[in-house]
Every structure is written in structure tokens, then in C-alpha cells.
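Asks: Here is a sequence together with a model predicted from it:
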Amino acid sequence: MHDTPDRPTTSGTPAAPPVIVPDTMRAVVARRYGTSEVAMIEEIPVPTPAKDQVLVRVRASSMNALDWHFVTGTPYLVRLVNGLRRPKRIIPGADVAGVVVAIGAEVTDHQVGDSVFGECFGGGCALYLAVRGEYVVALPEGVSFEAAGATPVAGLTAVQGLRTHADVQPGEHVLINGAAGGVGTFAVQIAKAMGAEVTAVCSTRNVEMVRSLGADTVVDYTTTDIVAGGPRFDVMLDNVGNRTPAECRSMLLAGARYVAVSGPKDKNWLGPIPHLFRTWFALRRSGASFHQFTTSLDTEDLTYLAEFLASDAIVPAIDRVIGLDGVADALTELGTGHARSKIVVVPDSPTQER
Ligand SMILES: NC(=O)c1ccc[n+]([C@@H]2O[C@H](COP(=O)([O-])OP(=O)(O)OC[C@H]3O[C@@H](n4cnc5c(N)ncnc54)[C@H](OP(=O)(O)O)[C@@H]3O)[C@@H](O)[C@H]2O)c1
């Protein structure tokens, strides 16, 4: 065990008393590419924060589709950034909410004892996580670790899709394709909070859940064809990528924005890229604009989300809370493409029977 640094804060107030941090911790570790069987619980060293990092005692993280991509190494394009033969990023969990227990020498905007949440490049499925100080912000008063841990990746994706790229205006008609997943459940609530009229697409079992999030119209894709009905949307946030370019074009008004969050999950080298290229090409002369993006860690957007959480304008939809022992099954579920809302990981407690 070691004590964390005890140093004065920039404001001159006394530093928090040192926190005892153990030398090792439990974590979910996937040391090779594969399906969920490669994700195992191990006892590994607690990371030491670099000078620009904080060490966070993780109280909650959550699962995202990207964890499935990093664990399986698919589409193979992922391996160009994450290691061709073996993954560099071995601990799943790109969201974190917890308490700062140590700070690097150059970190000035956090103190030991602060409750924070934010995004990290994996590592959330563990008891401790070292993360750059600029990647986490203060947890608002009254917001639970579980709600905050469910939010960063999915919430930032929804905010950046709807605000940064689509620039949704009050009264506009927004279509959210794939409304029942992590991104979709945030997107429905954020689009409503931005004053839009929201149409949400999901399967039968999720209709009531999505309606309860505030969608004005919920379309069950197993019984109703969303394409029929002609051009009527100002914005399409596409979390699935299952529609042909011609179908997307036929639903969009002149001046509409098509925002591609995802594409078909082909297990090949390029993944969604051919589909995205075809959609861009088809929309080029249609009067609708095409937007594609990779979610970035933007603290202004994270703070925007924090304000929504604090005011209850957004309440993260949580399917269930699991422990580290439930992560492998959750990865399998994400791989089906039909996970529901958010699966939150609380590393302290075992998974409860459903
Ligand atoms: N661009 C980026 O930087 C970025 C960031 C985050 C996520 N993503 C990608 O965006 C996608 C969504 O992420 P997520 O976290 O929301 O995934 P998720 O939690 O796994 O949810 C996927 C959802 O898609 C729905 N779905 C599946 N087939 C559908 C269909 N034919 N029509 C309508 N909905 C359908 C499912 O609902 P039902 O069970 O009701 O079908 C499920 O709830 C993923 O592919 C992810 O990789 C991209």
C-alpha cells in the first residue's frame, strides 16, 4: 500500500488527508482479441498517475458498443490503432465516475476527494483508473455515480451528433434511428430538451421504454416501415446504418442534415466505411447534408451534459447494474446489436440475479 501525495491546493486551503491506495486491484482484462471469453477478472497493479493524470477510485463505469469493437478487434481497422496482433487497450470501460484519490504533479483543477466523471480510453472496468485530469469534470451535486458512469460516451455522442453536427433548432423534426441503445436513449432526451419534435425507431420490446423518455412518436421497425411517408425530417441521427442511401434521402427534407453515428457491423477491414461513402455520395445532390464524426472528449460538452443531469432534464436510462463478473456477458449482449439502454458497471459489487 502507498499514501497518495499530500500537498497544498492552489487555493491555499489545506489538502485533503492522504488516502491509502492498495498496490493491486481487481480488473476485467482482455489480453487477446476474441469474443467475450477473453475478458477475465485479474488482480493487477493499481496504476500510478502520470503528472497530468488523476487516480480515480472507480464507483461506476458502463459498457459501450466500442468495448465490443476493442475486445474483438473488429472491424479489423480497429487493430491499426489498438495493436495488430494483441490489444494495447486491455481493460474495457470508456466511461468513469468516481472519487479522485491521487493527483499528478501538473494537475491543478482537481483535488483528492473530488467526485468526478468523464471519458477514458478504456480502464473503467477496474477498481482504480489513471486518467488525464482534463478528461474528467466535477460530478454535479445530487447526481449518482451510476447515472454519471452511464453518461460520457453515449451522452457525448448524442450531444455532438445533435448539437455540433445537426445544429438542431426548436420545432425541427428529428428522426432517431436506433433509439433504444445507449446513444439513442440519450439522443431522444437531448433532442427533446433542445425543443425538437422527435420520432424514434426501435423494436417492439423497447417501444414503451423509448416513449417514456419523451419521444413524440415511436415507430416499431418490426411492424412499421419508417421510410414510407416521404420527406418529413429535418435531421436524421442514424445509430444503426441499416437503411440504403436512397431510403435515407427519401425521408429527408431539403436542407436536412443526415448524421451518421454508425454503419453496418460487417466484420471486415473497413467496417462501415463503404456504407458511409455510398450515403455521402447519394446525399451530395439531394439538398441534404451528410455528417459523420467520431465522438471527441470535449469538456464543454461534458459540462453541458452535467447541467442536464443536475437539472433532471436528462435521466440516463439504465437497463441494469452489473459487477465486474457481469462484464463478459454484457460484451456478448453488445455484440448482438440489441443491447437495451445502458448497462452500468459497479466494480465493488457482484452482479445481481435478474
Ligand atoms: N461515431 C462514434 O464516435 C460513435 C460513438 C458511439 C457509438 N457509436 C456507434 O453507434 C452505434 C450505437 O451505439 P450504442 O451505444 O447506442 O449501441 P447499443 O447500445 O449497442 O444499441 C444499439 C441499438 O440499436 C438498435 N437497433 C438494432 N437494429 C435496429 C434496427 N434495425 N432499427 C432500429 N434500431 C435498431 C437496438 O435496439 P432494438 O433492440 O430495439 O433493435 C439497440 O438498442 C454503435 O454501432 C456504436 O458502435 C459510434
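Replies: Happy to help now that I have it.
Asks: ranges for the helices of the stretch 51-200 of the chain?
Replies: Ranges of helices within the stretch 51-200 of the chain are 65-72, 77-82, 145-150, 152-159, 182-193, based on DSSP state H, counting those that start in this stretch.
Asks: what residues does the stretch 101-250 of the chain put near the ligand?
Replies: Within the stretch 101-250 of the chain, the positions near the ligand by Cβ under 6 Å from any ligand atom are 153-154, 157, 177-178, 180-184, 201-203, 206, 221, 239-240, 242. (C-beta placed from N, C-alpha, C; glycine too.)
Asks: try 5 Å this time
Replies: 157, 178, 180-183, 201-203, 206, 221, 239-240, 242 (Cβ under 5 Å from any ligand atom).
Asks: Now restrict the residues you listed to buried residues only.
Replies: 157, 178, 180-183, 201-202, 206, 221, 239-240, 242 (16 or more other Cβ atoms under 10 Å).
Asks: Can you name the residues that contact the residue in the chain that the ligand sits nearest to?
Replies: Across the chain, no residue is closer to the ligand than G181, which sits at 1.9 Å (Cβ to the nearest ligand atom). Residues near G181 by Cβ atoms under 8 Å, 6 or more residues apart in numbering: A65, A154, N239, A339, R340, S341.
Asks: if you set the cut-off to 7 Å instead, what comes out?
Replies: Contact analysis of G181 by Cβ atoms under 7 Å, 6 or more residues apart in numbering lists N239, A339.
Asks: Local confidence estimate at it?
Replies: G181 carries a pLDDT value of 98.
Asks: sorry, back to before: can you flag the weakest of the helices of the stretch 51-200 of the chain by average pLDDT?
Replies: helix 77-82 (a mean of 90).
Asks: what about R132, neighbour count?
Replies: By other Cβ atoms under 10 Å, 18 other residues sit near R132.
Asks: quick one: pLDDT of it?
Replies: 97.
Asks: Would you confirm that it contacts A50?
Replies: No: counting by Cβ atoms under 7 Å, R132 does not reach A50; the two are 8.2 Å apart.
Asks: how close does V219 get to V259?
Replies: 18 Å (Cβ to Cβ, to the nearest Å).
Asks: Those two: who's more crowded?
Replies: A direct count of neighbours by other Cβ under 10 Å for V219 and V259 places V259 higher, at 24 against 21.
Asks: and the more buried one, what is it in contact with?
Replies: So V259 contacts G161, H165, A166, V235, M236, L237, D238, H291 (Cβ under 7 Å, 6+ apart).
Asks: What of C202?
Replies: A179, A180, V210, V218.
Asks: same thing but 6 Å
Replies: A179, A180, V210 (Cβ atoms under 6 Å, 6 or more residues apart in numbering).
Asks: pLDDT at D6, what is it?
Replies: 40.
Asks: The one 5 residues further on now?
Replies: Per-residue confidence (pLDDT) for S11: 46.
Asks: what residues does stretch 31-49 touch?
Replies: Under Cβ under 6 Å, 6+ apart, the answer for stretch 31-49 is 21, 24-30, 55, 73, 86, 90, 102, 104, 128, 130, 324, 327-328, 331-332.
Asks: give me that answer again for 7 Å
Replies: 21-30, 55, 71-73, 86-87, 90, 92, 102-104, 128, 130, 324-325, 327-329, 331-332.
Asks: pLDDT on that stretch, on average?
Replies: Rounded mean pLDDT across stretch 31-49 is 96.
Asks: And it, how far out from the chain middle?
Replies: 20 Å (Cα atoms, centre = their mean, to the nearest Å).
Asks: Nearest residue to the middle of the protein?
Replies: Central residue of the chain (Cα atoms, centre = their mean): V153, 2.3 Å from the mean position.
Asks: what about the residue lying closest to that one once chain neighbours are set aside, how many residues close to it?
Replies: With sequence-adjacent residues excluded and distances taken as Cβ to Cβ, 6 or more residues apart in numbering, V153 is closest to N64, at 4.7 Å. By other Cβ under 10 Å, 28 other residues sit near N64.
Asks: So N64 sits against P152, correct?
Replies: No: N64 is beyond contact range of P152, at 9.0 Å (criterion: Cβ under 7 Å).
Asks: pretty sure A50 is in contact with G104, am I right?
Replies: Yes: between A50 and G104 there is a contact at 5.5 Å, judged by Cβ under 7 Å.
Asks: between these two, what contacts are shared?
Replies: The contact sets of A50 and G104 do not overlap (Cβ under 7 Å, 6+ apart).
Asks: For the residue nearest to A65 when sequence neighbours are not counted, give me the pLDDT.
Replies: Nearest residue to A65, sequence neighbours excluded (Cβ to Cβ, 6+ apart): L334, at 5.5 Å. pLDDT for L334: 96.
Asks: Would you confirm that L334 belongs to a helix?
Replies: Yes: assigned with DSSP: H, G, I helix; E, B strand; the rest coil, L334 falls within a helix.
Asks: residues in contact with it?
Replies: M63, A65, D67, W68.
Asks: so what's the third one closest to, chain neighbours aside?
Replies: Of all residues beyond its chain neighbours, the one nearest D67 is P92 (4.2 Å), with distances taken as Cβ to Cβ, 6+ apart.
Asks: wait, isn't that neighbour in contact with G122?
Replies: Yes: with contact defined as Cβ under 7 Å, P92 counts as touching G122 (6.3 Å).
Asks: shared neighbours, those two?
Replies: Joint contacts of P92 and G122 (Cβ under 7 Å, 6+ apart) are F70.
Asks: if you count what's nearby, which of the two comes out ahead?
Replies: P92 (31 against 22).
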